[in-house]
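Q: Below is the sequence, then the predicted model.
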Amino acid sequence: MSKILIVGGVAGGASAAARLRRLDEHAEIILFERGEYISFANCGLPYYIGGEITEKEALTLQTPASFRARFNVDVRVQNEVLSIDRAAKTVAVKNRATGGDYTQDYDKLILSPGAEPIRPNIPGSDSAKVFTLRNIPDTYKIKDYIDTCAPESAAVIGGGYIGVEMAENLVAAGLRVSLIELQDQVIAPLDYDMACDVHRHMEQKSVRLILKNGVRAIEENGAGLRVLLNEGELEADMLILAIGVKPESALARDAGLALNARGSILVNEHMQTSDEHIFAAGDAVAVKDFVTGQESFIPLAGPANKQGRIAADNICGIKSRYTGTQGSAILKVFDMTVATTGVNEKTAARLNLDYDKIYTYGASHAGYYPGATNMSIKTLFEKGTGKILGAQIVGFDGADKRCDVFATAIRAGMTAFDLTQLELCYAPPYSSAKDPVNMAGFAIENVLNGQVKSFHWHDVASLPRDGSMTLLDTRTPGEYARGSIEGFINIPLDGLRGRMDEIDRAKPVYLTCQVGLRGYVAARILSQNGFEVYNLSGGYRLYHSIFGAHAPVMNPIGTKPLPAVRGAGEKTPAAGDCGLALPNPKV
């Protein structure tokens, strides 16, 4: 009978233990967890603080007793593995409840310690009013502080998934919230152009965004805190550190297992470490990016669960393989949905991938059926082949299922041409006859086949305004009056054929419309009449989201007000113009 030890009882470790028992009824399986809880819902912790999840019991998927009853696993909570003796094949364990130490032998060992919050060396970060969120005790501590001390304001440092979720849930708990992020955007897996809609939405929901700014010190200030920034300062009654996580791999390092420069445990495709008797899974391991093949650190619950299962398979003689992580993730931002899969443009550019991009907008369901909302879609594809490399979606209803389709397409190696052929479910309450995923495929197909030439929002500023080219806005006069790009004249699409003589055929024409579709129609009309034409991908809707009159960086207390970011010569749009929640524009 084999003896298998597992270090860590959350996603990877619990999945490994359950799979091991299903494959081998007779193995001795011991699971060590230094905390009090196993198999808890990490991703649900912020929602307990915000009150969306009301019962503590809902956060624990299994208890030690239920896990033992169902899987006959010896679960030892509050037992911390301190070291590994690889030669003797033993681990040293401290029982944190009793203070006693003991040694446990093994035949196979699985490490699933997860990731730990990064706690920067900021003076004052050891204050009792400063919190991190990793586990259930952290959650209770934050919730109890809010319930007991009744803070009115909170600062969140870090604009990643946890930081944004905490900002939302602190607002739900009734606090005024400021979110501080050193980079120029929240949610790093998004590209900046897609994050701009998120910035606007968070501000509309009363979150004060302070971007491109960092925290240099935290000081006690009576009942609250004084947060000193690189530029300015602010006051808050409590502070959440959500700067990110790093692999918790000290145990593996001290045992001499191979790690990479980041500190992630190196494993092969069978989740086996540099020691043939030791496997590892979850956030502590290095993974291969499925799209690029590069070694990466992508701490997500889905991959951790799969890796735990694969480690168990291989211990039991099933040669399962982990083929890589593509970073499929989704985030609720109040009532908005943010979803990503595959590589973003920052990564594609850094790795010099031969890529192009397209921006499309689609309604969550048929526009004539009540309640349709728009979603912004950015799709990256390989030039020449049209292979899908990545997708980002910001929207409301339906963003999740479209991103899942893109994730499946990437895993299957599909191209834009394949997207056009997908037969997806349609009824007016759920989609359109040509689904937004189909439409992204059509748009890319048009680029690859030379039906349209595109330019992008970041090209607009460099377009000459000296008359050497025609800059043309094909929206209606009313749309144009509410906001336009400097230098673009207005000839509405429906009158274009009758006004072509006003356009110089000897000059290239750069088109825009609201979201790109009318511009495409205009491009087809003009190109077939002898014009050289380029269409603004994403149209004025995307341009305005990035350069519009909203201020994505709000000024902190103690600094001069920051001017609103606005495109050169841009007219101020009407309130609510270009919002994602508006019905799909007529095109």
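A: That came through, no problem. Note that the structure is a prediction, hence the values are computed from the model and not measured.
Q: any idea how far the nearest residue to Arg76 once chain neighbours are set aside is from Tyr102?
A: Setting aside the residues directly before and after it, Arg76 is nearest to Phe32 in space (C-beta to C-beta, 6 or more residues apart in numbering), at 5.3 Å. C-betas here are computed from N, CA, C, even on glycine. Between Phe32 and Tyr102 the computed distance is 11 Å (C-beta to C-beta, to the nearest Å).
Q: Show me whatever sits in contact with both of those two.
A: Val93 (C-beta atoms under 8 Å, 6 or more residues apart in numbering).
Q: More neighbours: the two, which one.
A: Remark: of Phe32 and Tyr102, Phe32 carries more neighbours, 23 against 10, as counted by other C-beta atoms under 10 Å.
Q: Can I take it that the more buried one is in a helix?
A: No - membership of Phe32 in a helix is not supported by DSSP: H, G, I helix; E, B strand; the rest coil, which gives strand.
Q: from memory it sits against Val93, does it?
A: Yes - between Phe32 and Val93 there is a contact under C-beta atoms under 8 Å: 6.5 Å.
Q: any shared contact partners between those two?
A: By C-beta under 8 Å, 6+ apart, the residues touching both Phe32 and Val93 are Arg76, Asn79, Glu80, Val81.
Q: Dump these to CSV, plus secondary structure and neighbour count.
A: Formatted as CSV, the shared contacts of Phe32 and Val93 follow (DSSP: H, G, I helix; E, B strand; the rest coil; neighbours: other C-beta atoms under 10 Å):
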residue, secondary structure, neighbour count
Arg76, strand, 21
Asn79, strand, 23
Glu80, strand, 16
Val81, strand, 22
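Q: Quick check: chain neighbours aside, which residue is closest to Arg253?
A: Nearest non-adjacent residue to Arg253 (C-beta to C-beta, 6+ apart): Leu259, at 5.7 Å.
Q: Show the model's pLDDT score for that neighbour.
A: Listed pLDDT for Leu259 reads 98.
Q: One more: Tyr543?
A: pLDDT for Tyr543: 96.
Q: next one: Gly302
A: Value for Gly302, per-residue pLDDT: 92.
Q: any idea how far it is from Gly99?
A: Applying C-beta to C-beta to Gly302 and Gly99 gives a distance of 37 Å.
Q: more crowded one of these two?
A: Ranked by neighbour count (other C-beta under 10 Å), Gly302 and Gly99 place Gly302 first, with 11 against 7.
Q: pretty sure that one is touching Ser328, no?
A: Yes - contact criterion C-beta under 8 Å: Gly302 and Ser328 qualify, at 7.1 Å.
Q: can you list contacts of stretch 444-464?
A: By C-beta under 8 Å, 6+ apart, stretch 444-464 touches 193, 356-359, 379, 381, 383-384, 386, 416-417, 419-420, 469, 471, 485, 487, 510, 520, 523-524, 527, 533-538, 542-543, 546-547, 567-568.
Q: Out of those residues, which sit inside strands?
A: Residues from the contacts of stretch 444-464 lying in strands, with DSSP state E as the criterion: Asp356, Lys357, Ile358, Tyr359, Thr379, Phe381, Leu471, Tyr510, Val533, Tyr534, Asn535, Leu536.
Q: who wins for neighbours among the residues you listed?
A: Ranked by neighbours (other C-beta under 10 Å), these are led by Asn535, which has 29 neighbours.
Q: Beta-bridge partners for that one, please?
A: Ser454, Leu511 (DSSP bridges).
Q: For Ser66, grab the count of nearby residues.
A: Ser66: 14 surrounding residues under other C-beta under 10 Å.
Q: about what we covered before: save the shared contacts of Phe32 and Val93 as CSV, and put in distance to Phe396 too.
A: Putting those into CSV (distance: C-beta to C-beta, whole Å) gives the following:
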residue, distance to Phe396
Arg76, 45
Asn79, 45
Glu80, 44
Val81, 45
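Q: Gly50: which of the residues you listed is nearest?
A: Nearest to Gly50 among those: Glu80, at 30.7 Å, using C-beta to C-beta.
Q: Help me confirm that that closest one comes into contact with Glu36.
A: No - if you go by C-beta under 8 Å, Glu80 and Glu36 don't touch, sitting 11.9 Å apart.
Q: now stretch 32-49, how far from the centre of its chain.
A: Its chain's average C-alpha position is 21 Å from that of stretch 32-49, according to C-alpha atoms, centre = their mean, to the nearest Å.
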